[in-house]
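quick one: sequence plus predicted model below, questions after.
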Amino acid sequence: MVLNTNSRNCSVWMWSSIQKNELEFRILNINVPNSFTKKRFNGRETLIWKDLWLDNQLLCERFGRLFRLDANEDSTLAERMTITEKDMWTLTLQNNGCFSSSALNKIRNEHLLPPPINRSPTMRNNALPQKIGVFIWRAHMGRLPIRVELDKRGTDLDWVLCALCKNEIETGDRVLRSCTFAKDIWKRVLSWWKNNSQMYSSVADMFRGMKDNQASNEFLKIWQTIEWVVGYSLWKKRNSKLFRRNMLIAPVVFNEIQSTNYQWILNRSKKLDLDWNQWLLNPDVYDDHG
């Protein structure tokens, strides 16, 4: 989209549309305001001294002495010369010179986001709300607003240590898997499911499912539900401690995970008839293989 500047309001809209993200662009060494130039046609909306329209340099800076001598510093090109066509803005960051919000977003994302490799569709589990599937996908793709990632993007943070344990730099893997608090929760969950041999090497591995080819499909779905709720719960608890200063007690968090999984599976699964006592004492009874 090329912006025709039929009025000064159009220029105001253009600058306001990028103003809130200008700091982020500057952190990336991209000077967006200076990347716009006026392509003059009729000259009515182009200030001869103060708009960038010739040789990528403001004439008020290039010819400072003449500018100070001019009685009308805000004069337009149309007042000094005869031009017939309309003015428009061009964006030098684009090869075609066209400005659009999507073009700026694309430029920003190319600098901020990792290369789009191994991109997978949003994950789904019918036993859980869709928001949890979106969360798991973001964790799997490394797109959570973790402190170390926010710091890379120029966010001013007081510290970047893990919000759960405050021992090491906060990463997605740290919060969801390797933090001492996260390890405690996973140890309790695996012991509950008598699955002490399950080992995770990464967040992606954690949400890939149980490594037991003999387990039934229904059992694997239940276990996936458990894994996803554990990850989502750890993230929510991280946020509650970070923003609300809530105290985290591992047995309480573990009990909440048991209850949440039970309620969601019971209410959303048409095939399973769960018993609460059985769920607490021996949940792997729902594996019908063998």
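Right, received. Where do you want to start? Worth saying up front: this structure is predicted, and the values here are computed from it rather than measured.

this protein - how does it break down into domains?
What automatic domain parsing lists as the domains of the chain is 3-112, 130-286.

now do the last one, average pLDDT.
In this case it means domain 130-286. For domain 130-286, mean pLDDT rounds to 83.

mind listing the strands for the chain?
For the chain, the strands defined by DSSP state E occupy 3-4, 36-39, 88-91.

ranking those strands by mean pLDDT, which is last?
strand 3-4 (a mean of 40).

hang on, Ser75 packs against Ile48?
Yes - using Cβ atoms under 8 Å, Ser75 is in contact with Ile48, at 5.6 Å. All C-beta atoms are positioned from the backbone trio N, CA, C, and that covers glycine.

these two: who's more crowded?
With neighbours defined as other Cβ atoms under 10 Å, Ser75 and Ile48 compare such that Ile48 has more, 23 against 14.

for that one, which residues are in contact?
Neighbouring residues of Ile48 by Cβ atoms under 8 Å, 6 or more residues apart in numbering: Leu59, Ser75, Thr76, Leu77, Glu79, Arg80.

and it, its phi and psi?
phi -70, psi -30 (degrees, to the nearest 10).

distance check, it against Lys237.
Using Cβ to Cβ, to the nearest Å, one obtains 61 Å as the distance from Ile48 to Lys237.

kindly report the same for Leu157.
20 Å.

if you count surrounding residues, which of the two has more?
Shown here are Leu157 and Lys237; by other Cβ under 10 Å, Lys237 has more neighbours (23 against 11).

so the more buried one touches Ala250, yeah?
No - if you go by Cβ under 8 Å, Lys237 and Ala250 don't touch, sitting 9.9 Å apart.

which parts of this structure are helices?
Under the criterion DSSP state H, the chain contains helices at 8-19, 22-27, 59-62, 64-69, 77-80, 101-112, 130-140, 147-152, 172-173, 180-192, 203-206, 217-244, 250-268, 276-281.

what sits against Ala204?
By Cβ under 8 Å, 6+ apart, the neighbours of Ala204 are His140.

tell me the spacing between it and Tyr232.
The value you get for Ala204 to Tyr232, if Cβ to Cβ is used, is 16 Å.

next one: Ile136
Per Cβ to Cβ, Ile136 is found 7 Å from Tyr232.

the two - which one has more neighbours?
Ranked by neighbour count (other Cβ under 10 Å), Ile136 and Tyr232 place Ile136 first, with 26 against 21.

stretch 153-160: end-to-end distance?
End-to-end distance for stretch 153-160, by Cα to Cα, to the nearest Å: 13 Å.

and it, which residues are buried?
Residues Val160 are the ones in stretch 153-160 that count as buried (16 or more other Cβ atoms under 10 Å).

now stretch 184-198
Buried residues in stretch 184-198 (16+ other Cβ under 10 Å): Asp184, Ile185, Trp186, Arg188, Val189, Leu190, Trp192, Trp193.

of these, closest to Phe67?
Comparing the buried residues of stretch 184-198 against Phe67 with Cβ to Cβ places Ile185 closest, at 66.7 Å.

got TSV for the helices of the chain, with distance to Ala163 too?
Supplementary listing: these in TSV, determined by distance: least, Cβ to Cβ, whole Å:
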stretch	distance to Ala163
helix 8-19	31
helix 22-27	23
helix 59-62	48
helix 64-69	53
helix 77-80	56
helix 101-112	22
helix 130-140	15
helix 147-152	7
helix 172-173	12
helix 180-192	10
helix 203-206	16
helix 217-244	4
helix 250-268	14
helix 276-281	29
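
between those helices, which one is nearest to Leu164?
Across these (criterion: Cβ to Cβ), the nearest stretch is helix 180-192, sitting at 4.4 Å.

run a quick neighbour tally on the closest residue to Gly142 other than its chain neighbours.
Spatially, and ignoring its direct neighbours in sequence, Gly142 is nearest to Gly172 (6.1 Å; Cβ to Cβ, 6 or more residues apart in numbering). The tally of other residues near Gly172 (other Cβ under 10 Å) stands at 23.
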